[in-house]
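Student: Structure, please.
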Amino acid sequence: VTPEAALDAQASLDGQTWRLVKSNKSIKLVPANRQGLEDNVRQYLSNTSHTDKKFRPVVIIDEQEMDIHDAAVILLGADATAALIAEAEANAEAAATAAAAAAA
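Tutor: Here you go, the predicted model:
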């Protein structure tokens, strides 16, 4: 997407209401905090549990739909992907242990 196309979409959508769902909320388009597919994939893998495949995002690269883990291997490399997943799983386990200790 070019910057011009993004600005055109923002100009045409800002302030509109959602037509496909029953809502009075207005659309407000703002720049994302994180830009780029690689950064978004890295962020997702770093901060999310990955155990249930049905809840993972789908990524499209070169018109090919794929699981985010497969996309990560293409974008980041197998070693970096494995390290991010292992770190996220360790963080989730530590959080669960801390929650269990706090509840006891």
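Student: okay, CA-based contacts and neighbour counts for the rest of this
Tutor: Will do.
Student: name the helices or strands packed onto the top helix by length along the chain?
Tutor: Identified as the longest helix of the chain according to DSSP state H is helix 78-103. The contact analysis (3 or more CA pairs under 8 Å, 6 or more residues apart in numbering; DSSP states H and E) places helix 78-103 against helix 37-47, helix 68-76.
Student: So for that helix, what gets flagged as buried?
Tutor: Thr81, Ala82, Leu84, Ile85, Ala88, Glu89, Asn91 (16 or more other CA atoms under 10 Å).
Student: relative to helix 37-47, how tilted is it?
Tutor: Counting by axes from the mean of the first three to the mean of the last three CA atoms, to 10 degrees, helix 78-103 lies at 40 degrees to helix 37-47.
Student: gap between the residue lying closest to Val73 once chain neighbours are set aside and Gln16?
Tutor: Leaving aside its chain neighbours, Val73 sits nearest to Thr81 (5.9 Å; criterion: CA to CA, 6 or more residues apart in numbering). Distance, Thr81 to Gln16, using CA to CA, to the nearest Å: 39 Å.
Student: now this structure, which segments are flagged as low pLDDT?
Tutor: Applying pLDDT under 70 to the chain picks out residues 48-51.
Student: tell me the centre residue of it?
Tutor: Of all residues in the chain, the one closest to the mean position by CA atoms, centre = their mean is Tyr44, 4.9 Å from it.
Student: That residue: what's it in contact with?
Tutor: If you count contacts by CA atoms under 8 Å, 6 or more residues apart in numbering, Tyr44 has none.
Student: what residues are up against the closest residue to Lys25 other than its chain neighbours?
Tutor: Excluding the flanking residues, the one nearest Lys25 by CA to CA, 6+ apart is Thr17, at 5.9 Å. Shown in contact with Thr17 (CA under 8 Å, 6+ apart): Ser23, Asn24, Lys25, Ser26, Ile27.
Student: ok, 6 Å please
Tutor: By CA atoms under 6 Å, 6 or more residues apart in numbering, the residues touching Thr17 are Lys25, Ser26, Ile27.
Student: ok, those residues vs Glu4, which is closest?
Tutor: Nearest to Glu4 among the contacts of Thr17 is Ile27, at 18.9 Å by CA to CA.
Student: Many thanks, I have nothing further to ask.
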